[in-house]
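>>> here you go, sequence then predicted model.
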Amino acid sequence: MTADERARCGDEPGITRKGASSAVYLLGVSVPGREGAPASQRRRRHAGRFGHRRQLPRSSLPTVVVGFSNDASGHGFKAFRWTAASGMVGLGFLPGGHESTASGVNADGTVVVGQAGEASGQHQAYRWTAASGMVGLGFLPGGNLTGATGVNANGTVVVGFSNDASGHGFKAFRWTAASGMVGLGFLPGGNQSSARGVNADGKVVVGQANDASDQPQAFRWTRATRMQSVLTLLLAAKVVTMTGWQLRSANGVSADGTVIVGDGVDPLGQSQAWIARLPKEDNEDCEEDDDNQGDNDNQGGDFGQ
């Protein structure tokens, strides 16, 4: 069996081509008994959600679906949460705002994240539960625009993007109640990044960042390694099938943080979805009493609570 065949079978680190991307709207889903599934089954971009239709076993069908809808108010979109029992229920807005969208939901469907407008007209990331309602997560220092794109299995870690005082566009963030919003930095030589998924325990974040040549790259972040391109990680694992691939965005990650899905361009110049399998490694503890999980120039900001 060749190295490429072993990679496709999941026997060693590698990348698997999943076919040309099809433009279909997807929503965040909660799948019972599958920690981390909401992030790993979702592929997200600012302009929309892209992915593939597939048949799920009946036992794995989503029990909670989130997204956005307009209504009779005429005030744009409102985030919703859907279950078979409740139907589609609007999640409301931040104080003074009149627009919201939902982009992610945790494993049991009790925590929803997304973006919502506020009274000032700014848009910020939020976290919603039935008990707290919609709570803004604030901005990185000097910023005025954030959005949440993913949440871990138990709903305690939220990831997304925020601008800041640098004026260099967006920076990926990781948020917890203890640390607040913390920037995750950039790839070497780059100045923009956006987080798009997080694993079950919240220690592995994936997304898109530009490199020194201003080209988009899929990234994987951990506290120990900081931000690294997925391509760099695969080359370090001595994967021999990477020639000509452009891995432009990582959009989801498995519960254990070793399997990443995303979109890019294959050696023939065709847009492709892909799955990358990375070597297993010990996850460094990521408690919130550390020296900041991201870059050192961001110590959190207004939590918006």
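Arrived safely, thanks for sending. Numbering: from 1, shown residues only.
>>> first-to-last residue distance for stretch 95-104?
21 Å (C-alpha to C-alpha, to the nearest Å).
>>> and the pLDDT at Val24?
If you check Val24, the pLDDT there is 23.
>>> quick check: which helices or strands does the host helix or strand of Arg127 pack against?
Under the criterion of DSSP states H and E, Arg127 resides in strand 123-129. Judged by 3 or more C-beta pairs under 8 Å, 6 or more residues apart in numbering; DSSP states H and E, strand 123-129 is in contact with strand 112-117, strand 133-136, strand 146-151, strand 158-163, strand 170-176. No exception for glycine: its C-beta is placed from N, CA and C like everyone else's.
>>> could you check the angle it makes with strand 170-176?
Angle, strand 123-129 to strand 170-176, by axes from the mean of the first three to the mean of the last three C-alpha atoms, to 10 degrees: 20 degrees.
>>> CA atoms only: put strand 123-129 into CSV for me.
Coordinates of each C-alpha in strand 123-129 appear next as CSV, following Å, rounded to 0.1, in the frame of the first residue of the first chain:
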residue,chain,number,x,y,z
HIS,A,123,-21.5,44.0,15.9
GLN,A,124,-20.0,41.7,18.4
ALA,A,125,-19.7,38.1,19.2
TYR,A,126,-22.2,36.6,21.7
ARG,A,127,-22.8,33.5,23.7
TRP,A,128,-26.4,32.4,24.4
THR,A,129,-28.0,30.1,26.9
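>>> contacts for it, please.
79, 81, 91, 94, 99-100, 102, 110-118, 134-139, 145-148, 151, 155, 158, 160, 162, 173, 175, 181, 304 (C-beta atoms under 8 Å, 6 or more residues apart in numbering).
>>> hang on, the earlier thing: just the helices and strands packed on strand 123-129: most buried one?
Across the helices and strands packed on strand 123-129, averaging neighbours per residue (mean count of other C-beta atoms under 10 Å) puts strand 146-151 on top, at a mean of 29.
>>> partners of that strand in the sheet?
strand 158-163 (antiparallel) (DSSP bridges).
>>> and the partner strand with strand 112-117, angle?
20 degrees.
>>> let's test this: name the helix or strand in the chain with the lowest mean pLDDT.
Least confident element among the helices and strands of the chain, by mean pLDDT, DSSP states H and E: strand 48-49 (a mean of 30).
>>> now do the contacts for Ser162.
Counted by C-beta under 8 Å, 6+ apart, Ser162 has contacts Ala125, Phe139, Leu140, Gly143, Leu145, Thr146, Gly147, Phe170, Lys171, Phe173, Met181, Gly183.
>>> pick the one among those closest to Arg277.
Phe173 (26.6 Å; C-beta to C-beta).
>>> identify the residues contacting the closest one.
Phe173 makes contacts with 125, 140, 146, 159-162, 181-184, 195, 294, as judged by C-beta under 8 Å, 6+ apart.
>>> cool, Leu140 as well?
Residues counted as contacts of Leu140 (C-beta under 8 Å, 6+ apart) are Thr146, Ser162, Asn163, Asp164, Lys171, Phe173, Met181, Gly183, Asn298, Gly301.
>>> the fourth one reaches Thr146, doesn't it?
Okay, so that is Asp164. No - in this structure, Asp164 is not within contact of Thr146 by C-beta atoms under 8 Å, at 9.7 Å.
>>> shared neighbours, these two?
Common neighbours of Asp164 and Thr146, using C-beta under 8 Å, 6+ apart, are Phe139, Leu140.
>>> Leu234 belongs to a helix?
Yes - according to DSSP: H, G, I helix; E, B strand; the rest coil, the state of Leu234 is that of a helix.
>>> ok, it to Gly180 distance?
From Leu234 over to Gly180 the distance is 33 Å, taken as C-beta to C-beta, to the nearest Å.
>>> equivalent analysis for Gly109, please.
According to C-beta to C-beta, Gly109 stands 25 Å off from Gly180.
>>> out of the contacts of Ser162, the closest to Asp263 would be?
Using C-beta to C-beta, Phe170 comes nearest to Asp263 of these, at 18.1 Å.
>>> list the contacts of the closest residue to that closest one other than its chain neighbours.
Using C-beta to C-beta, 6 or more residues apart in numbering and skipping residues adjacent in sequence, the residue nearest Phe170 is Phe161, 4.2 Å away. Going by C-beta under 8 Å, 6+ apart, Phe161 touches Thr146, Gly147, Thr149, Phe170, Lys171, Ala172, Phe173, Ser193, Ser194, Ala195, Gly207.
>>> okay but the second one is in contact with Gly114, surely?
Yes - the pair Gly147 and Gly114 qualifies as a contact (C-beta under 8 Å) at a distance of 7.2 Å.
>>> who touches both of these two?
Shared contacts of Gly147 and Gly114, counting by C-beta under 8 Å, 6+ apart, come down to Ser103, Ala125.
>>> any weak-confidence spans in this structure?
Across the chain, the ranges flagged by pLDDT under 70 are 1-62, 240, 281-305.
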